[in-house]
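> any chance you could fold what I've pasted below:
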Amino acid sequence: MNNSNVLRYGFEWDRDWTLDFIMNTFPCFPIANSISVHPYVLYLLFRRSCSMGSHIRIGYMLTVTGLIFYDWTLSFFIRLYILAPLPAIHCEGILCTMGLPKHVIMAIISSAFAVHFPGFFWLVFRLHGTVASWKKWKLSNCSQVAGIIFHIFCTAANVVGFTVFGRDSDDYTELLQREPEYDVFVKRGGTLFIFGAAGAPQYLKYELFILCLGLATNAVPLIAMMTHAIVILSGMGEVAKSEKSIRQTRALFRTVCLQMNSAFLFVILPFLAIVSMASIDTRKTFPNAVHATIRFVMITLISVNPFQFGLMFTWRNPSEWSR
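Here you go, the predicted model:
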């Protein structure tokens with residue numbers, strides 16, 4: 001029996017404070033969001049978006065719907081916790097305590113992370129098409145649809161990859177006995193995934209390859225479209241100040257840029273940090289306090305992402321956006 005009083009990597013702080021705080025407080029986020037920011041955003045989309053084009057509205061509706069699923073799944077029904085620098089995750093929400101197979105739980109987790117990205121990708125494609133049309137250069141509708149289908153394929157491939165390869169190491173029992181930190185989570189109940197030894201996830205490494213390939217193939221066209229739109233809007237000068245439709249589209253574009261940057265900060269960056277620390281042994285790289293801080297910050301950023309997206313949406317006054 002491991003002595004859980006002798007913990008490393010700052011897990012004594014998790015045991016004594018962070019774990020209970022997150023598991024008892026963060027499930028309140030989707031409840032609070034569901035009576036505040038989520039319904040208000042949907043109200044703006046359905047009732048006050050007369051100046052917003054239907055294609056833009058559809059993109060936002062898909063994104064917000066995905067974020068609602070993300071919010072309730074990760075913070076309430078799953079209640080995810082990261083065990084970095086150990087390549088493991090723990091969950092103790094309703095879905096993790098009812099005896100579901102681990103591959104089903106992993107499929108739900110990966111779907112929650114992925115489901116809101118296609119809607120936002122569609123939004124960027126359509127917005128770029130609107131801006132680029134002013135310079136008589138834009139992707140055809142067929143090209144845009146093909147790009148969205150490719151993005152959905154990459155997203156689905158990653159969900160399948162995490163479902164198939166996000167499973168326990170063959171040395172699960174040995175690792176459970178070797179690492180005293182795991183005792184803290186076993187005693188709490190729920191579901192514990194152990195992907196392998198530190199820096200050597202046995203099966204998850206194959207999904208990391210799929211993830212990196214998907215990020216590279218999707219990030220390049222996304223960044224290219226945003227950069228091209230910025231160049232067009234920046235080069236329009238005084239015309240953009242005098243034409244109302246162009247001015248409104250510029251305001252919308254700024255909002256989308258802001259939300260894309262926030263998505264990188266609140267979702268992509270923490271997610272990349274999680275998978276990086278699962279595949280690279282950082283136990284001796286950072287002191288215990290830094291490891292404990294990283295775990296808390298990553299979970300916090302992931303959990304507040306739906307709130308910050310809705311807050312930015314309302315703050316930028318969507319009633320002024322263009323078709």
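
> okay, CA-based contacts and neighbour counts for the rest of this
Will do.

> what about residue 43, how many neighbours?
Residue 43 is flanked by 12 other residues according to other CA atoms under 10 Å.

> so where does it fall, helix or strand?
Assessed by DSSP states H and E, residue 43 sits inside helix 37-47.

> distance from the chain centre to that helix, please.
Centre-to-centre, helix 37-47 and its host chain are 21 Å apart (CA atoms, centre = their mean, to the nearest Å).

> kindly report the same for stretch 219-230.
Distance of stretch 219-230 from the chain centroid (CA atoms, centre = their mean) equals 20 Å.

> do stretch 257-264 as well
Distance of stretch 257-264 from its chain centroid, counting by CA atoms, centre = their mean, is 11 Å.

> list the buried ones in it?
By neighbour count on 16 or more other CA atoms under 10 Å, the buried set for stretch 257-264 is 258-260, 262-263.

> picking up where we left off before, buried set for the helix holding residue 43?
Using 16+ other CA under 10 Å as the test for burial, helix 37-47 gives 37-38, 40-42, 44-45.

> count of neighbours near the closest residue to residue 6 other than its chain neighbours?
Of all residues not flanking residue 6 in the chain, residue 180 sits nearest, at 7.5 Å (CA to CA, 6 or more residues apart in numbering). The tally of other residues near residue 180 (other CA under 10 Å) stands at 19.

> still on that earlier bit, and the angle from the very next helix or strand once past the helix holding residue 43 to helix 37-47?
Downstream of helix 37-47, the next assigned helix or strand under DSSP H and E is helix 54-72. Counting by axes from the mean of the first three to the mean of the last three CA atoms, to 10 degrees, helix 54-72 lies at 160 degrees to helix 37-47.

> from the chain's centre, how far out does helix 54-72 sit?
13 Å.

> helices or strands next to the helix or strand just after that helix in the packing?
Counting by DSSP H and E, the element after helix 54-72 in chain order, helix or strand, is strand 80-82. Identification of packing neighbours for strand 80-82 by 3 or more CA pairs under 8 Å, 6 or more residues apart in numbering; DSSP states H and E yields strand 88-91, helix 288-315.

> closest to residue 55 out of those?
Taking CA to CA, helix 288-315 is the member of the helices and strands packed on strand 80-82 nearest to residue 55, at 16.5 Å.

> same question for that closest one, mean pLDDT?
Across helix 288-315, the average pLDDT comes to 91.

> what's the closest non-adjacent residue to residue 20?
Spatial nearest neighbour of residue 20, chain neighbours left out: residue 14 (8.0 Å); criterion: CA to CA, 6+ apart.
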